[in-house]
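> I would like to see how this sequence folds:
(2 chains)
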Amino acid sequence: MAEIVLDKVSKRYPDGALAVQEVNLEIADGEFIILVGPSGCGKSTTLNMIAGLEDITEGELRIGGQRVNEKAPKDRDIAMVFQSYALYPHMTVKENMAFPLRLAKVDNATVERKVREAAEILDLTQHLERKPSNLSGGQRQRVAMGRAIVRSPKAFLMDEPLSNLDAKLRVQMRTSVSRLQKQLGTTTVYVTHDQTEAMTLGDRVVVMRGGVVQQIGAPQFLYDHPANLFVAGFIGSPSMNFVPASLENGALRSVLGDVTLTDRVRQLLEGADAPREVIMGIRPEHFEDAALVDAAALSSGGKFTSQVDVLESMGSDKYAYFTLTGEQAASAELQELAADAGSDDVPGDGISLVTRLSSASAAVEGASADIWFDADKVQLFDPSTGRNLTYTER
Amino acid sequence: MAGIGGADTTGKKVGWGLLNAVVVIYALFPVLWIVSLSFKSSKTLADGNFIPREWSLENYQNIFSTSEFTRALINSIGIAIIATAIAVVFGTMAAYAIARLDFPGKNLLVGVSLLIAMFPQVSLVSPLFEIERSLGLFDTWPGLILPYITFALPLAIYTLSAFFREIPWELEKAAKMDGATPGQAFRRVIAPLAAPGVFTTAILVFIFCWNDFLFAISLTSTEQSRTVPVALSFFTGSSQFEDPAGSIAAAAVVITIPIILFVLFFQRRIVAGLTSGAVKG
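Numbers count the residues shown, from 1 in each chain, chains lettered A, B, ... in the order given. The predicted model follows:
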């Protein structure tokens, strides 16, 4: 077991493309860290550099205090779980799991014992003599995990290990991965493009975009205090709503109506040198049916009235979708997020808004509804740089 | 395909069965004819009967009675096996490099090997004859093995690189992560998976070497290195008026046997789908 330190690590391909740019990351011993971002953000390249499958162009990688840039993967003592599982098809489950131990020239009795132990942890005991082709997706995934844990490596690297499973199994495996990691206490670096996995699994999450680390922090911290538009839009499902707004004499003017800035937001803005035109971000849960909000809150928050496009009742709460007339918030980050979600070519006029209302709300699809939002919870972003103007460490 | 419509499946089966039978008979009839000829005695050779009226091993005894044929058989087996082994070993290395690595001149290499495969062999016969005579390779085993390797390699490289491309690269990465050196990864993971491809290639190359007539007749002059296809053309009857058809038929049957054995022996290993289950299917 060991800590992993990335010190200004960069990757440049021979054609000049910069895949990863000066990543600084200190992963503590036993920590479960998630690299997340849209495809092509450099998260897998970063993982492969830690693994030793790709060369590091610049910077230094230390595992357990030792520089390992020049070491071959086999000398780094780390195990990896691949997205495709990469099981050896000509070997049985047992042989697959024993392979790393055999290469390490471990004696037969120990191999036998360690494989049994791993098989018990992963509930694979009755499948040991089968070939991977006869296993289900979930079983193959567990064999791949088993092959990683048998030799008790310094660290686990996981490259989207759950993305080939169907949705139900993925949720199930997510909890078992989390439990396994806690049980073994091994440093783990986990790559995913799924923000739900990132939120639920990791001790800390690293959000990447275009080879650059956007923000590093605990999942809840990233959700509450995104450093920029990209992190704000990427973390959270359904994602944050973005609306163009302008700051005028301590008031925020937008298609959601005018609101007076709360003291907290005003103080944050003063230190941030905010431009006049900003992008306002509000999470769906910070909206509420105006009829259900008490008078004091109602007066301090914003309020607008619009027709409900679609209403989804989840039982515990209701999701109401609106389309407001006006220009959509425009920024490079938001475009990239839309492209990643595949919604960049969906034609849409106006600003679409997702709100989460209490199940007691009387909102009806197709009818007009009065919606309130919490003015203290708005986040304001600089449209040109994407920086969060209301960012705070607390 | 079966079970789409209950009523017409039997009809379909009969139809396909008939068609298959026609194709098989069409393909195998000449072979059976040769077999039949080889068992006829010299008197009944030309009687036109498909089933010999008088079974005899006379032709087989004849061809094995002189060293002409047995020596040629030894030459053929030796030359074909050596050429196949060398071509497959080098072909495997080259194909692996082509499938896995990006190196300068890769496309050129592939292009040149394709060019060699398409080159009309007959235009090379006279230069090869001159070269081999001045090098002292004429009428020797290496004199045939070398051109066979040259023409078999492109075939081997092409077939094998297709097989290597089928093997998921992640398996090799996984082996590396599991602590294997590149050599161990190749020996213990890649080679076992490529085995069907290697055997398929070996069969194709062996058949190519075994069947060659052009080089064999141009680059040999004595029994020392003459292969069977050439030896057949030198068969004569016991007198100049006797037709050696019986002996040729017997020899043709004999030289078909190694090919059949070769294919049967390796067929077990040429099973498709060996790589299934490696990655998500």
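
> Every contact and neighbour count from this point should use C-alpha atoms.
Fine.

> Checking the residue in the stretch 51-200 of chain B that chain A sits nearest to next. Helix, strand or coil?
Nearest to chain A in the stretch 51-200 of chain B, going by CA to the nearest CA, is B:G179, at a distance of 3.9 Å. With DSSP: H, G, I helix; E, B strand; the rest coil as the basis, B:G179 sits in coil.

> I'd say it and A:L103 touch.
Yes: between B:G179 and A:L103 there is a contact under CA atoms under 8 Å: 6.3 Å.

> between these two, which one's more packed in?
B:G179 (25 against 15; other CA atoms under 10 Å in any protein chain shown).

> and the nearest residue to the more buried one once chain neighbours are set aside, backbone torsions?
Counting by CA to CA, 6 or more residues apart in numbering or on different chains, the nearest residue to B:G179 once its immediate chain neighbours are dropped is A:K74, at 3.9 Å. Phi and psi for A:K74, reported as degrees, to the nearest 10, are phi -70, psi -20.

> got the contact list for the residue most central in space within chain B?
Centroid-nearest residue in chain B, with CA atoms, centre = their mean: B:I207, separated by 1.4 Å. Listed by CA atoms under 8 Å, 6 or more residues apart in numbering or on different chains, the contact partners of B:I207 are B:I259.

> again with B:F164
Counted by CA under 8 Å, 6+ apart, B:F164 has contacts B:A95, B:Y96, B:A99, B:A194.

> how about those residues, which pair is most distant?
Within the contacts of B:F164, B:A99 and B:A194 form the most distant pair, 12.2 Å apart (CA to CA).

> higher neighbour count, these two?
B:A194 (22 against 19).

> Quick check: the more buried one touching B:F163?
Yes: under the criterion of CA under 8 Å, B:A194 makes contact with B:F163 at 6.5 Å.

> burial measure for residue 82, as a count.
No chain in the question, so chain A it is. A:F82 has 22 nearby residues by other CA under 10 Å.

> look at chain B instead
Neighbour number of B:I82 under other CA under 10 Å is 18.

> The closest residue to it other than its chain neighbours: what's it in contact with?
Among residues not flanking B:I82 along the chain, B:I145 sits closest, at 7.2 Å (CA to CA, 6+ apart). By CA under 8 Å, 6+ apart, the contact list for B:I145 reads B:I79, B:A80, B:I82, B:A83.

> For B:T84, see how far away B:I145 is.
B:I145 sits 9 Å away from B:T84, taking CA to CA, to the nearest Å as the criterion.

> try B:P30
The value you get for B:P30 to B:T84, if CA to CA is used, is 28 Å.

> what's the answer for B:G136, then?
23 Å.

> of the two, who's got more company?
B:T84 (28 against 11).

> Near chain B, which residues of the stretch 101-250 of chain A? Just list them.
A:L103, A:A104, A:K131, A:P132, A:S133, A:N134, A:L135, A:G137, A:A148, A:N164 (CA under 8 Å from any CA of the partner chain).

> What about those, which one has the most neighbours?
So for these (other CA under 10 Å), the most neighbours sit at A:P132, 29 neighbours.

> before we move on, back to that, okay if I get the residues of the stretch 101-250 of chain A next to chain B as a markdown table plus distance to B:S233, pLDDT and secondary structure?
As requested, those are arranged in a markdown table below (distance: CA to CA, whole Å; pLDDT from 0 to 100; DSSP: H, G, I helix; E, B strand; the rest coil):
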| residue | distance to B:S233 | pLDDT | secondary structure |
| --- | --- | --- | --- |
| A:L103 | 56 | 93 | helix |
| A:A104 | 60 | 91 | coil |
| A:K131 | 53 | 92 | coil |
| A:P132 | 54 | 91 | helix |
| A:S133 | 52 | 89 | helix |
| A:N134 | 54 | 90 | helix |
| A:L135 | 57 | 91 | coil |
| A:G137 | 60 | 89 | helix |
| A:A148 | 64 | 93 | helix |
| A:N164 | 62 | 87 | coil |
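
> thinking again about what came up before, is it true that the residue nearest to B:G179 touches B:Q184?
No: using CA under 8 Å, A:K74 makes no contact with B:Q184, being 11.3 Å away.

> In terms of neighbours, single out the busier of those two.
The neighbour count for A:K74 versus B:Q184, taken as other CA under 10 Å, is higher for A:K74 (21 against 16).

> need the contact list for the more buried one.
Applying CA under 8 Å, 6+ apart, the residues near A:K74 are B:K176, B:M177, B:D178, B:G179, B:A180, B:T181.

> Of those - the most surrounded one?
Among the contacts of A:K74, B:D178 has more neighbours than the rest - 29 neighbours, counting by other CA under 10 Å.

> which residue packs closest to it, ignoring adjacent ones?
Using CA to CA, 6+ apart, the nearest residue to B:D178 is A:P100, at 4.7 Å.

> Which other helices and strands does the helix or strand harbouring that neighbour contact?
Assessed by DSSP states H and E, A:P100 sits inside helix A:93-103. Secondary-structure packing of helix A:93-103 (3 or more CA pairs under 8 Å, 6 or more residues apart in numbering or on different chains; DSSP states H and E): helix A:108-121, helix A:137-149.
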